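Asker: how would this look folded up:
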Amino acid sequence: MPRPVSDGSRLRAGVATVDGAQAAYLSVGGGGVPVLLLHGFAGDRLTWQFNLSALSARRRAVAVDLPGHGGSTPDVGRGLVTDFAPWLVGFLDALELPRVHLVGHSMGGYVGRELARLVPDRVASLTLLASAGLGTPFDLEFLRRAVAPADVAEGRACAERLFAGPSPLISRFAEVLHAQGCDPVRRAALERIIELSFADHTDGGPPVDWGAYPMPIQVLWGRADRIIPLPPPDRLPPGAPFLVFDNAGHLPHIEAASPVTLAIRAFLDRCDDTLPAS
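Answerer: Numbering: from 1, shown residues only. Predicted coordinates for the structure are as follows:
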């Protein structure tokens with residue numbers, strides 16, 4: 001069992017250097033096997049603000065901005081999200097994290113799965129949250145609109161599609177989407193990712209070879225997800241827990257923050273119980 005953390009650790013913002021470029025992150029807590037949180041497309045580390053504190057009760061929790069997002073480098077290279085996996089290996093090395101639990105939302109789920117395939121010995125478990133790449137067709141035109149809304153009103157229309165219903169957070173999301181679209185460097189990076197990584201894979205991609213993933217896996221989803229609807233059963237990891245949250249859309253870790261966080265914590269604790277002693 002991981003040792004409890006009772007030092008009252010506060011949320012810390014940090015910057016690491018990966019391949020000579022900036023990687024911005026948030027970190028809180030300590031002890032146990034850390035959990036690394038990967039946000040979705042056009043999001044950033046702040047999308048985990050409702051989960052970080054609770055997830056750090058028995059371990060360190062780290063949320064990083066992927067390339068092209070938030071405070072990290074705007075350089076997305078070829079624009080292939082698969083390239084973010086080796087970048088994350090460099091990030092883990094920079095923070096001296098030999099092994100982590102991975103939680104990935106949407107695009108972050110796809111990136112997390114790539115990282116787990118690339119360095120399975122460094123991934124203790126994998127939680128896929130409304131993940132891309134599991135065989136569900138997704139809304140490509142929504143992505144294109146979301147990175148370049150014409151005004152705050154269009155940004156609000158995009159934000160509303162992320163949620164299952166009315167939310168006080170929609171206005172804030174609309175402002176962020178509009179501001180992001182007004183930044184030519186950030187917008188160009190996101191548009192490059194869309195065209196190189198998503199435009200030819202709107203069917204959700206080929207079946208996953210789950211035999212390449214020796215670590216425990218769980219899948220979480222919002223029942224009212226209008227961006228990436230529920231995946232077909234034959235695309236899920238065999239025998240893996242699959243939890244669906246009512247009254248939640250594409251952001252279940254925000255709309256259903258408490259039950260989703262509890263599900264992640266319980267899964268990580270069970271996984272810790274099966275890890276060999278270090």
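
Asker: ok, residue 51 to residue 63 distance?
Answerer: Using CB to CB, to the nearest Å, we find residue 51 at a distance of 8 Å from residue 63. For every residue, glycine as well, the C-beta is placed using N, CA and C.

Asker: overlap in contacts of the two?
Answerer: Common neighbours of residue 51 and residue 63, using CB atoms under 8 Å, 6 or more residues apart in numbering, are residue 37.

Asker: neighbour count winner among those two?
Answerer: Between residue 51 and residue 63, counted using other CB atoms under 10 Å, the more crowded position is residue 63 (27 against 22).

Asker: and that one, that's in a strand?
Answerer: Yes. Assessed by DSSP: H, G, I helix; E, B strand; the rest coil, residue 63 belongs to a strand.

Asker: distance check, it against residue 136.
Answerer: Taking CB to CB as the measure, residue 63 and residue 136 are separated by 25 Å.

Asker: one more: residue 111?
Answerer: Noted for residue 111: a distance of 17 Å to residue 136, by CB to CB.

Asker: and the two? Which one has more around it.
Answerer: Neighbours were counted for residue 111 and for residue 136 using other CB under 10 Å; residue 111 has more, 28 against 20.

Asker: which SSE is that one in?
Answerer: Residue 111 is part of helix 107-118 when elements are defined by DSSP states H and E.

Asker: following the chain onward from that helix, which element is next?
Answerer: Per DSSP H and E, helix 107-118 leads on to strand 123-129 as the next helix or strand towards the C-terminus.

Asker: what residues of stretch 160-180 count as buried?
Answerer: In terms of neighbour count (16 or more other CB atoms under 10 Å), stretch 160-180 has its buried residues at 160-164, 167, 170, 173-174, 176-178, 180.

Asker: hang on, isn't residue 264 packed against residue 51?
Answerer: Yes. In this structure, residue 264 sits in contact with residue 51. The criterion is CB atoms under 8 Å, and the distance is 7.4 Å.

Asker: so which residues of this protein form strands?
Answerer: Defined through DSSP state E, the strands belonging to the chain, from first to last, are 12-18, 21-28, 35-38, 61-64, 100-105, 123-129, 217-222, 242-245.

Asker: in TSV: the ones you listed, plus distance to residue 85.
Answerer: Rendered in TSV, the data for those read as follows (distance: least, CB to CB, whole Å):
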stretch	distance to residue 85
strand 12-18	12
strand 21-28	14
strand 35-38	10
strand 61-64	13
strand 100-105	11
strand 123-129	11
strand 217-222	16
strand 242-245	24
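
Asker: and of these, who's closest to residue 187?
Answerer: With distances scored as CB to CB, the stretch of the strands of the chain nearest to residue 187 is strand 21-28 (18.3 Å).
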